[in-house]
Each structure stands twice: as C-alpha cells, then as structure tokens.
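# predicted model, plus sequence, below.
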Amino acid sequence: KKTWMADLLPEDADGGELARDGRVMEMLSEHTLLGWLEGYLLTGRHGFFHTYEAFAHVIDSMFNQHAKWLDISKNHVPWRAPVASENILLSSTVWRQDHNGFSHQDPGFIDVVTNKSPSVTRIYLPPDANTLLAVADHCLRSTDYINVIVADKQKHMQFTTIDEAVVHCSKGIGIWRRACTDADAEPDVVLASCGDVPTLEALAAAAILRERLPDLKLRFVNVVDLYKMRPASEHPHGSSERDFDSLFTTNKPVIFNFHGYPWLIHKLAYRFANHENLHVRGYKEEGNINTPLELAMLNQIDRFSLVIDVIDRVPGLATRAAHLKEEMKDAIIDNVNY
C-alpha cells in the first residue's frame with residue numbers, strides 16, 4: 001500500500017490503498033525519491049525507482065554518482081558486501097505522450113546510462129508484459145548493478161507466453177520465428193525491433209510484408225537487452241561477432257526499429273561487420289499532441305514507413321513492389337493530421 005502520513009478516513013481502514021507502514025512512497029521530487037531508494041538499498045533491502053521517462057534526466061547526476069560508487073565498490077574494494085541493484089523503471093514513455101505532447105517526449109536517459117562502466121550498467125526494453133515480468137524478476141535478484149527497465153504503462157498486446165519470455169530474456173536477443181519467412185534460407189532483409197511500441201509497429205509491418213510479398217525472405221529479430229547490440233569485448237552482455245553476424249548477416253539490409261534516439265544504436269554497434277547496412281529508425285524530436293500512431297509516423301517508426309524502407313532497400317523490390325509502396329504512402333497521408 002501507499003505510505004500515508006495525513007488523515008486516514010474510515011474507508012481507508014479495510015481494503016484501502018493507504019497505510020502508515022506502506023511500501024509505496026510517492027512524491028513529486030525525483031531527487032528525494034532516488035535518495036530514499038539508495039538509502040533503502042544500502043540498508044539491505046530491495047526496490048524500484050519509477051518515474052516518467054522524459055523526467056529521468058532530473059536524476060542524471062545522482063545516477064552518475066551511484067554508478068561510479070558501485071564501480072569502485074564492486075571492483076576495487078573487496079571488503080564491501082554486495083548490495084541490491086538500483087532498479088530504475090521508466091514508463092509514461094515517449095511513444096505514449098499523445099495527451100501531454102512534446103514536453104514529455106525524451107527517451108535520452110538510456111543514452112546517459114551507456115556512458116557509464118559496463119561492469120555496473122544494464123538496460124532492458126521488454127516488448128510485452130511477460131518479458132517485463134521476466135526482466136523484473138532477474139533485476140530484483142541481482143546485486144551491484146544499475147538496471148534500467150523501459151516499459152510503457154498503457155495496455156499492449158501480449159506476444160510471448162511466460163515460458164517463452166523467460167527464454168527470450170535469458171538470451172537477450174533472438175529471432176521470432178512466427179514473424180519470419182526465411183526459415184532454412186538466407187534472408188533478403190532483417191527487420192529488428194527494441195522496445196514495446198517499436199516492436200508492435202515492426203510486427204505489423206512484417207505482417208503486411210508476409211501477406212503482400214510472400215516471396216520475400218524476411219527475418220524478424222527482437223532485442224530485450226540493449227547491450228546485445230554492443231560487442232562482447234566492450235560489455236559483459238555484448239554479442240560475439242559470430243552471434244551478431246548470424247542474426248543480422250554480414251551483407252543484408254537491416255531495418256532496426258528502436259525505442260530511443262536512433263544514433264544510440266549506431267554508437268553501440270558500429271564495430272560489427274554489417275554496420276554499414278544497419279538503418280535505424282527511432283525518435284527524432286518530432287511530435288506534438290498527437291495520437292500514438294501519428295507520433296510513430298512523424299518519427300517514421302510506424303508500420304507503413306517500415307514497409308517502404310524494406311521496399312527501398314531490398315534489391316529488386318523498388319519496381320516490383322511500387323504499388324504497395326504507393327499504398328503505404330497513402331496510408332501515412334490518411335492517418336497524419338498535417
């Protein structure tokens with residue numbers, strides 16, 4: 001229940017959401033809340049710091065200092081006992097700010113996190129509720145990390161069973177066979193996603209492509225653990241060159257639909273062989289008080305833009321799929337309030 005120090009009314013006594021010894025602490029001060037959590041962790045307990053994604057930047061410096069402290073404590077002060085990980089849960093995400101608008105659209109906190117020591121930072125973007133449960137379970141069991149979880153709090157489609165979610169999150173990255181048409185063959189294109197809304201739009205694009213271009217060899221890859229896009233030599237959760245090349249090929253176009261700023265993926269993946277064919281779509285500071293679909297289209301992470309991107313980048317499709325491309329352009333015009 002929520003901690004409550006003010007008056008308690010009779011209706012709060014039985015089945016209410018308020019309590020003198022509640023475990024949910026709420027206050028409109030990110031600094032105070034994170035300070036509370038750090039003290040809570042250092043006294044041997046576990047918890048989450050939950051905030052709007054756009055306003056996590058308020059605690060950038062506090063995150064930086066805790067990451068530095070953890071790095072030294074974990075790696076250079078052997079007499080210090082492990083402490084429960086600092087779990088930062090970001091919701092009210094950039095792609096669901098249709099009512100708040102441009103001021104609440106900023107997915108850049110994870111960019112800040114990637115600058116800190118790989119020994120203490122972890123970033124997860126679960127695509128549905130079951131992967132969120134699997135990730136949260138892992139994070140609450142961990143010690144000496146800062147785990148950042150990015151997950152929207154609105155209702156979303158469910159893509160995995162809990163067993164599938166555990167396996168997928170354990171790998172951190174993997175092929176979703178149900179969305180593919182490249183079984184036992186070399187793909188013509190790889191469509192990848194990272195984040196809940198980008199995954200939904202990428203799956204919708206894959207469905208259009210499977211229906212309208214059944215001969216296209218499409219591979220669908222989903223990323224839960226963001227650091228899988230980094231070489232293993234640079235991060236403990238990184239991918240080996242063999243694993244990365246196996247998933248993303250060494251010479252085929254890769255359209256990557258990302259939750260955050262697109263250049264972050266390039267920063268992480270630039271050393272891999274197929275980086276020159278990696279085309280990332282993400283948030284590009286385009287938005288207002290839009291519907292979620294409009295916001296996706298303004299930043300070109302929507303299903304229609306992804307289908308167009310595939311047509312433009314796969315050799316031989318530009319003329320063969322010209323009619324489909326025109327339909328996708330029409331759909332964008334029909335759905336965006338210019």
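Yep, it's here.

# tell me the secondary structure for the residue lying closest to residue 144 once chain neighbours are set aside?
Computed as Cβ to Cβ, 6 or more residues apart in numbering, the closest residue to residue 144 that is not its neighbour in sequence is residue 74, at 4.6 Å. The C-beta positions use only the backbone N, C-alpha and C, and glycine is treated the same way. Three-state call for residue 74 (DSSP: H, G, I helix; E, B strand; the rest coil): helix.

# burial count for residue 74?
Around residue 74 there are 18 other residues, counting by other Cβ atoms under 10 Å.

# which other helices and strands contact the lowest-mean-pLDDT helix or strand in the chain?
In the chain, no helix or strand scores lower on mean pLDDT, DSSP states H and E than strand 18-19, which sits at a mean of 87. Secondary-structure packing of strand 18-19 (3 or more Cβ pairs under 8 Å, 6 or more residues apart in numbering; DSSP states H and E): strand 2-3.

# contact partners of the strand it packs on?
With contact meaning Cβ atoms under 8 Å, 6 or more residues apart in numbering, strand 2-3 is reached by 17, 18, 19, 20, 21, 22, 23, 24, 25, 26.

# didn't the third one look like it was pressed against residue 25?
To tie it back to what came earlier, the one meant is residue 19. No. Between residue 19 and residue 25 there is no contact, the gap being 11.6 Å when judged by Cβ atoms under 8 Å.

# residues contacting the nearest residue to residue 277 once chain neighbours are set aside?
Once flanking residues are discounted, residue 277 sits nearest to residue 253: 5.2 Å by Cβ to Cβ, 6+ apart. Shown in contact with residue 253 (Cβ under 8 Å, 6+ apart): 189, 190, 277, 279, 310, 313, 314.

# can I assume the second one sits in a helix?
No. When the secondary structure is assigned by three-state DSSP, residue 190 falls in strand instead of a helix.

# what sits against it?
Residue 190 neighbours (Cβ under 8 Å, 6+ apart): 219, 220, 221, 247, 248, 249, 252, 253, 254, 255.

# now render those as a markdown table, adding distance to residue 181 and secondary structure.
Compiled in a markdown table, these are given as follows (distance: Cβ to Cβ, whole Å; DSSP: H, G, I helix; E, B strand; the rest coil):
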| residue | distance to residue 181 | secondary structure |
| --- | --- | --- |
| 219 | 8 | strand |
| 220 | 9 | strand |
| 221 | 14 | strand |
| 247 | 16 | helix |
| 248 | 17 | helix |
| 249 | 15 | coil |
| 252 | 14 | coil |
| 253 | 15 | coil |
| 254 | 16 | strand |
| 255 | 15 | strand |
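
# low-scoring stretches of the stretch 51-200 of the chain, by residue?
Applying pLDDT under 70 to the stretch 51-200 of the chain flags no residue at all.

# ranges for the strands of it?
Taking DSSP state E, counting those that start in this stretch as the criterion, the stretch 51-200 of the chain carries its strands at 86-91, 121-124, 146-150, 173-175, 189-194.

# can I assume residue 293 sits in a helix?
Yes. Using three-state DSSP, the assignment for residue 293 is a helix.

# you'd agree it is up against residue 335?
Yes. Counting by Cβ under 8 Å, residue 335 is a contact partner of residue 293 at 5.9 Å.

# between these two, which is the more surrounded one?
For residue 293 and residue 335, the more surrounded residue by other Cβ under 10 Å is residue 293, and the numbers stand at 18 against 14.

# what sits against the more buried one?
Contacts of residue 293 by Cβ under 8 Å, 6+ apart are 302, 335.

# so it versus residue 308, what's the distance?
16 Å (Cβ to Cβ, to the nearest Å).

# now do residue 314
11 Å.

# returning to that earlier point: mind listing what the residue nearest to residue 144 touches?
80, 82, 119, 120, 144.

# repeat that for residue 90.
If you count contacts by Cβ under 8 Å, 6+ apart, residue 90 has them with 50, 51, 52, 53, 56, 109, 148, 149, 150, 151.

# spatially nearest residue to the second one (excluding sequence neighbours)?
Nearest non-adjacent residue to residue 51, counting by Cβ to Cβ, 6+ apart: residue 30, 5.6 Å away.

# wait, that neighbour touches residue 50, no?
No. Assessed by Cβ under 8 Å, residue 30 is found out of contact with residue 50, at 10.2 Å.

# export the contacts of residue 90 to CSV and tack on distance to residue 9 and neighbour count?
Shown next, in CSV, are those (distance: Cβ to Cβ, whole Å; neighbours: other Cβ atoms under 10 Å):
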residue, distance to residue 9, neighbour count
50, 26, 17
51, 28, 20
52, 29, 17
53, 34, 27
56, 34, 25
109, 38, 23
148, 38, 25
149, 35, 21
150, 37, 26
151, 33, 23
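
# of those residues, closest to residue 195?
residue 150 (6.7 Å; Cβ to Cβ).

# distance of the closest one from residue 311?
For residue 150 relative to residue 311 (Cβ to Cβ), the value is 30 Å.

# does residue 98 touch residue 296 like I think?
No. Residue 98 is not in contact with residue 296 according to Cβ under 8 Å; the separation is 10.5 Å.
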